[in-house]
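> Predicted structure and sequence below. I'll ask about it afterward.
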Amino acid sequence: DTGVSQDPRHKITKRGQNVTFRCDPISEHNRLYWYRQTLGQGPEFLTYFQNEAQLEKSRLLSDRFSAERPKGSFSTLEIQRTEQGDSAMYLCASSFSGSYNEQFFGPGTRLTVL
Amino acid sequence: GIQVEQSPPDLILQEGANSTLRCNFSDSVNNLQWFHQNPWGQLINLFYIPSGTKQNGRLSATTVATERYSLLYISSSQTTDSGVYFCAATNQGGKLIFGQGTELSVKP
């Protein structure tokens, strides 16, 4: 049973650079979610997809952030012109879309912007 | 949107003690989950429990949906139980709203 995987696990970048993260969900799941977690806080929702469609985006997702799920399988989250405030753990989760909608999380990508 | 509050924020126990963590939510829910976040940051699923009671070994959980709270019980705590416990809920079938977490420290 393959869980949710994320790549890379760690990313260090300089302010102003672009970064891209990948998430591979559990294969049977049609929903995929992105969350962000800063130190000492609970995860905060960013966006989610059902199949290829992006159904909701948080106001936290500024225009420097873009997420895609082109074939309804893996997803990418890109941050353009990174800022120090973008430093956080980026978590991906997946689930079914029916009445049983338990979400399972990947190991996260820890981003440090210098 | 729904609000989720957890208490206590911190808890220190001696190994072998029992504990109860509480999660209050502001509206009806169709998903409520408890997680344990390991030292590397991964969220480990403990319970999916929008209502009712479940048990898994030394851990059990109860959600009283009509009164908008959920409880996580840890019995005979071990040092490996240390870490942050999160409650998260949704009433929209999509995004989870997380509480601020309870940081548990179990001393040997």
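Here it is on my side, so go on.

> Would you confirm that residue B:73 contacts residue B:61?
Yes: with contact taken as Cβ atoms under 8 Å, residue B:73 and residue B:61 are classed as touching, separated by 7.0 Å. Bear in mind the C-beta positions are built from the backbone N, C-alpha and C, glycine included.

> Neighbour count: these two, which is higher?
Taking residue B:73 and residue B:61 together and counting by other Cβ atoms under 10 Å in any protein chain shown, residue B:61 has the greater number of neighbours (23 against 15).

> State the pLDDT value of the closest residue to chain A within chain B.
Residue nearest to chain A within chain B: residue B:98 (3.4 Å; Cβ to the nearest Cβ). At residue B:98 the predicted local distance difference test score is 97.

> ok, now residue A:52?
According to the model's per-residue confidence, residue A:52 sits at a pLDDT of 95.

> Once you drop chain neighbours, what's closest to it?
The shortest distance from residue A:52 to any residue other than its chain neighbours is 4.7 Å, reached at residue A:72 (Cβ to Cβ, 6 or more residues apart in numbering or on different chains).

> is it fair to say that neighbour lies in a helix?
No: with DSSP: H, G, I helix; E, B strand; the rest coil as the criterion, residue A:72 is located in coil rather than a helix.

> Got phi/psi on it?
Its backbone dihedrals place residue A:72 at phi 70, psi 10, with angles given as degrees, to the nearest 10.

> didn't it look like it was pressed against residue A:29?
No: with contacts counted by Cβ under 8 Å, residue A:72 stays clear of residue A:29, the gap being 10.2 Å.

> Can you pick out the residue with more neighbours from the two?
Each of residue A:72 and residue A:29 has its neighbours counted (other Cβ under 10 Å); residue A:29 has more, 19 against 14.
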